[in-house]
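**Student:** Fold the following and give me the result.
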Amino acid sequence: MIPSWLSTLASVGMAVGPPLVYADQAFSIVKKKDSTGFSRDVCAILLLANITRCFFWLGEHFEFALLFQSLFMIVAQLALLYICVKYRPRTSPESMGLSSRPWSFWQWPSYTQYIEFLAGFILLQSILFLIFGRSDIFVGILGFIALGLESTLPIPQLISNYKQRSLYGFRMSTLIGWLGGDSFKTAYFFLQGSPLQFRVCAIFQLSIDFAIVIQRVLYGAAMPPDMGLREEEDLEQALALAEE
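**Tutor:** Sure thing, here's the model as predicted:
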């Protein structure tokens, strides 16, 4: 039996710990005035997942600590996204008009466009919940979507690290926070008897964290030697396209 004070402490840690992981990452970006190395898709995953998790809570009232965690995370990621957009790299797709994504998804030049998309996403989920919110099947699916999406959080960073063969720009504190936080929450979900969605997705996310740790050992965190050359080539390509 877990002592009540320890359970309360764990709940507080679950609520405020994960959002604080990104404080050092945000400080680093502001200090360098450059968000190179940090995948902005991390913000997309966390925002969409935690918004969906809030709707999941409306259908299945899990621990308040996990609800507050989602609310704090949404605020933290909105702030981090603003910083990433303000200090985006010179060679970012939206800066050069080279985005290959449909409708330039999540590579928009204006922060306002991100807010408009998120507002539309919340509106859509509200309508769906009003229609299907009484269905246990719908609520269960909503939970798997929310937690499944969140479990993919490290994947964009994993891909970014692989492409540049380095963890340059990705803070070690963030990696430690991911690994420690996901280990803690996996144990927390099992001990608290949280819904199945939480436990399954936590195990998957933790496995990706360990893959990034392996990348850190193999690649290191030095600036890739060809980064400057790639930036010059990308700028030349952008100028050529602008002249056409």
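
**Student:** where does this structure dip in pLDDT?
**Tutor:** 1-7, 10-11, 91-98, 225-244 (pLDDT under 70).

**Student:** just the helices in it please.
**Tutor:** Under the criterion DSSP state H, the chain contains helices at 4-20, 23-32, 41-59, 64-86, 93-96, 111-132, 136-151, 154-164, 172-192, 196-219, 227-243.

**Student:** Let's have these in JSON lines, adding mean neighbour count and distance to residue 103.
**Tutor:** Where you see a C-beta, it was placed from the backbone N, CA and C, and this is true even at glycine. Shown next, in JSON lines, are the helices of the chain (neighbours: other Cβ atoms under 10 Å; distance: least, Cβ to Cβ, whole Å):
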{"stretch": "helix 4-20", "mean neighbour count": "15", "distance to residue 103": "29"}
{"stretch": "helix 23-32", "mean neighbour count": "16", "distance to residue 103": "26"}
{"stretch": "helix 41-59", "mean neighbour count": "21", "distance to residue 103": "14"}
{"stretch": "helix 64-86", "mean neighbour count": "19", "distance to residue 103": "17"}
{"stretch": "helix 93-96", "mean neighbour count": "17", "distance to residue 103": "12"}
{"stretch": "helix 111-132", "mean neighbour count": "13", "distance to residue 103": "10"}
{"stretch": "helix 136-151", "mean neighbour count": "19", "distance to residue 103": "19"}
{"stretch": "helix 154-164", "mean neighbour count": "18", "distance to residue 103": "18"}
{"stretch": "helix 172-192", "mean neighbour count": "18", "distance to residue 103": "29"}
{"stretch": "helix 196-219", "mean neighbour count": "17", "distance to residue 103": "27"}
{"stretch": "helix 227-243", "mean neighbour count": "12", "distance to residue 103": "19"}
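
**Student:** Can you lay out those as CSV showing distance to residue 105?
**Tutor:** CSV is the format used below for these (distance: least, Cβ to Cβ, whole Å):
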stretch, distance to residue 105
helix 4-20, 24
helix 23-32, 22
helix 41-59, 9
helix 64-86, 14
helix 93-96, 11
helix 111-132, 8
helix 136-151, 15
helix 154-164, 13
helix 172-192, 24
helix 196-219, 22
helix 227-243, 20
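
**Student:** so which of these comes closest to residue 104?
**Tutor:** When those are compared by Cβ to Cβ, helix 93-96 sits nearest residue 104, at 6.6 Å.

**Student:** Distance-wise, check the most centrally placed residue in the chain relative to residue 15.
**Tutor:** Closest to where the C-alpha atoms of the chain average out (Cα atoms, centre = their mean) is residue 42, at 3.0 Å. Separation of residue 42 from residue 15 (Cβ to Cβ, to the nearest Å) stands at 20 Å.

**Student:** Over to residue 196?
**Tutor:** Distance from residue 196 to residue 15, counting by Cβ to Cβ: 21 Å.

**Student:** Ok, residue 141 next?
**Tutor:** Counting by Cβ to Cβ, the gap from residue 141 to residue 15 is 25 Å.

**Student:** With residue 31 instead?
**Tutor:** The gap separating residue 31 from residue 15 is 27 Å, by Cβ to Cβ.

**Student:** Residue 27 too?
**Tutor:** Noted for residue 27: a distance of 21 Å to residue 15, by Cβ to Cβ.

**Student:** got it, and residue 24?
**Tutor:** Counting by Cβ to Cβ, the gap from residue 24 to residue 15 is 19 Å.

**Student:** Thank you, goodbye.
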